[in-house]
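> Generate a structure from the sequence data that follows.
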Amino acid sequence: MSKFEYVAPCHFGIEAVLKREIQDLGYEIVEVEDGKITFSGESEAIARANIFLRTAERILLKVGKFQAKTFDELFENTKAIEWERYLPKNAKFWVTKATTVKSDLKSTPDIQSIMKKAIVDRMKVAYKTESLDETGAEYPIRVTLLKDEVVVGLDTTGLGLHKRGYRKATAKAPIKETLAAALILISPWNKDRPLVDPFCGSGTIPIEAAMIGAKIAPGMNRSFIAESWTNIVPKKEWYSAIEEAYARINRDVIMNIQGYDISDDMVKAARENAQRAEVDQLIHFQQRAVKDLKHPKKYGFIITNPPYGERLSEKEYMPELYGEIGEVLKNMETWSCFIISGYEDAQKYIGKKATKNRKIYNGMMKTYFYQFMGPKPPRARE
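Numbers count the residues shown, from 1 in each chain. Alright, predicted model coming up:
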């Protein structure tokens, strides 16, 4: 079978988490860069990576890498790629996205149109035809230029991997499912420890935790654009990956996961989303303010995405809100707390310095993942 290279983009700051996920699937890491991991695998990796990876934004099948300082070089190097290896004669293809950073070529519309023309020219020669009807399966192409180095990939995913399919209702500033999963995987939480999100919004963090604990693959209930690429990925490889996903699920798991929010509407939305994700029986949602947070169990985890005060109308309430979080930490002294926030004075008003502080980009916004580690639980007697 042919081996390919794949590029998995991710949020800046969570590369180590995604690298571990890819290795756990059994694939070899080729390169780790800011915001993306390159790995190698056979064609079945397209199905398995899309279905199982929790923290990747999408999976790109890498088809070319070259230098281009001029549009002529971009055209010729694009044309030199063996497009007939990937695109059937009737393929519908287009350059869906081009990004350029610190490169001589800056116009993304020109990059897209020139690359499309180069691919058309190559395909006409390869398939000995005067025209391409483009009536077949869709093959979107993504290209990145960084310091004049061009990386070209076929987008195997379609809608981003954060679109699990369960979140119909969302909060004002929802956290992406992929980032929520990463925060949980960065923490030492496991299914045997209590977990509370006191700012649960539409329920993303508790739902992702329940899916992790029950070993429910994030992509098993959605479709991917590469499912129609039978020239690259045989249908049986998708069926095999789905069978593997069902076989992995732990249907007998019992977990103590709770999501609270001050808004009753958000609590209702979270319950509906959990039901769609088929984890509603594993999570307790309730309307409750953060200052009222208590828990009878010890050595649990708070993992949460509180308001950052990015709206001017909210800024004046941030000191009080983060002060309330600090009071909760005092009262739940055996618990560990993990907070992602773009609020610069978070530690000041919590009144405690984080054990660890990790910079993560939530979209274009710089945030910090504050990790307040509680004591380890005593070892159970043998």
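> Next, the buried residues of stretch 348-367.
Residues of stretch 348-367 classed as buried: 349, 350, 354, 358, 360, 362, 367 (neighbour count, 16 or more other CB atoms under 10 Å). Yep, even glycine has a C-beta here, placed from its N, CA and C like the rest.
> and the end-to-end length of that stretch?
Its start and end residues considered, stretch 348-367 measures 15 Å (CA to CA, to the nearest Å).
> same question, stretch 243-252
According to CA to CA, stretch 243-252 extends 18 Å from its N-terminal end residue to its C-terminal end residue.
> count of neighbours near residue 306?
Residue crowding around residue 306 was assessed by other CB atoms under 10 Å; the count is 20.
> Leaving out chain neighbours, which residue sits closest to it?
residue 199 (4.6 Å; CB to CB, 6 or more residues apart in numbering).
> Hmm, residue 290 and the one you found touching each other?
Yes: in this structure, residue 199 is within contact of residue 290 by CB atoms under 8 Å, at 6.8 Å.
> Overlap in contacts, these two.
Contact with both residue 199 and residue 290 is made by residues 260, 306, according to CB atoms under 8 Å, 6 or more residues apart in numbering.
> Looking at these two, which is more packed in?
More neighbours sit around residue 199 than around the other of residue 199 and residue 290, counting by other CB under 10 Å; the figures are 22 against 19.
> Spit out the contact partners of the more buried one.
The contact partners of residue 199, by CB under 8 Å, 6+ apart, come to 260, 261, 290, 304, 305, 306, 307.
> which of these sit farthest apart?
Comparing all pairs in the contacts of residue 199 by CB to CB, the longest separation belongs to 260 and 307, at 14.2 Å.
> How about residues contacting stretch 94-111?
Outside of stretch 94-111, the residues that reach it under the criterion CB under 8 Å, 6+ apart are 68-71, 74, 112-113, 115-116, 140-148, 155.
> rerun at 10 Å
Contacts of stretch 94-111 with the rest of the structure, by CB atoms under 10 Å, 6 or more residues apart in numbering, involve 67-71, 73-74, 78, 112-116, 119, 134, 138-150, 152, 155, 158.
> Buried among the residues you listed? Need that as a selection in ChimeraX.
Remark: buried members of the contacts of stretch 94-111, expressed as a ChimeraX selection using 16+ other CB under 10 Å:
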select :68,71,73,74,78,112,114,115,119,134,138,139,140,141,142,143,144,145,148,150,152,155,158
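> Restricted to helices, list the buried residues of stretch 348-367.
Secondary structure defined by DSSP state H assigns 349, 350 of the buried residues of stretch 348-367 to helices.
> and the buried residues of stretch 348-367, which of them are in strands?
Cross-referencing the buried residues of stretch 348-367 against strands under DSSP state E gives 358, 360, 362, 367.
> follow-up on the earlier one: between residue 260 and residue 307, which is the more surrounded one?
In this comparison of residue 260 against residue 307, neighbours counted by other CB under 10 Å, the higher total goes to residue 260 at 23 against 20.
> Could you measure from the closest residue to that one other than its chain neighbours over to residue 263?
Setting aside the residues directly before and after it, residue 260 is nearest to residue 288 in space (CB to CB, 6+ apart), at 4.1 Å. Spatial separation of residue 288 from residue 263 under the definition CB to CB, to the nearest Å is 11 Å.
> ok, back up a step: out of the ones in strands among the buried residues of stretch 348-367, give me the two with the largest separation.
358 and 362 (12.1 Å).
> quick revisit: among the ones in strands among the buried residues of stretch 348-367, which one has the lowest pLDDT?
In this model, the minimum pLDDT among those belongs to residue 362 (83).
> tell me the contacts of it?
Residue 362 makes contacts with 11-13, 173, 175-176, 179, 305, 308, 340-342, 369, as judged by CB under 10 Å, 6+ apart.
> same question, residue 55
Counting by CB under 10 Å, 6+ apart, residue 55 touches 8, 10-11, 14-15, 17-22, 37, 161-162, 176-186, 218.
> Buried subset of those residues, written for ChimeraX?
If you want just the buried ones from the contacts of residue 55 in ChimeraX, going by 16+ other CB under 10 Å, the selection is:
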select :8,10,11,14,15,17,18,19,21,22,37,161,162,176,177,178,179,180,181,182,183,184,185,186,218
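> Count the residues that sit near the residue lying closest to residue 34 once chain neighbours are set aside.
The spatial neighbour of residue 34 that comes closest, neighbours along the chain excluded (CB to CB, 6+ apart), is residue 12 at 5.9 Å. When neighbours are defined as other CB under 10 Å, residue 12 has 16 of them.
> Residue 12 and residue 57, how far apart?
In this structure, residue 12 and residue 57 are 11 Å apart, going by CB to CB.
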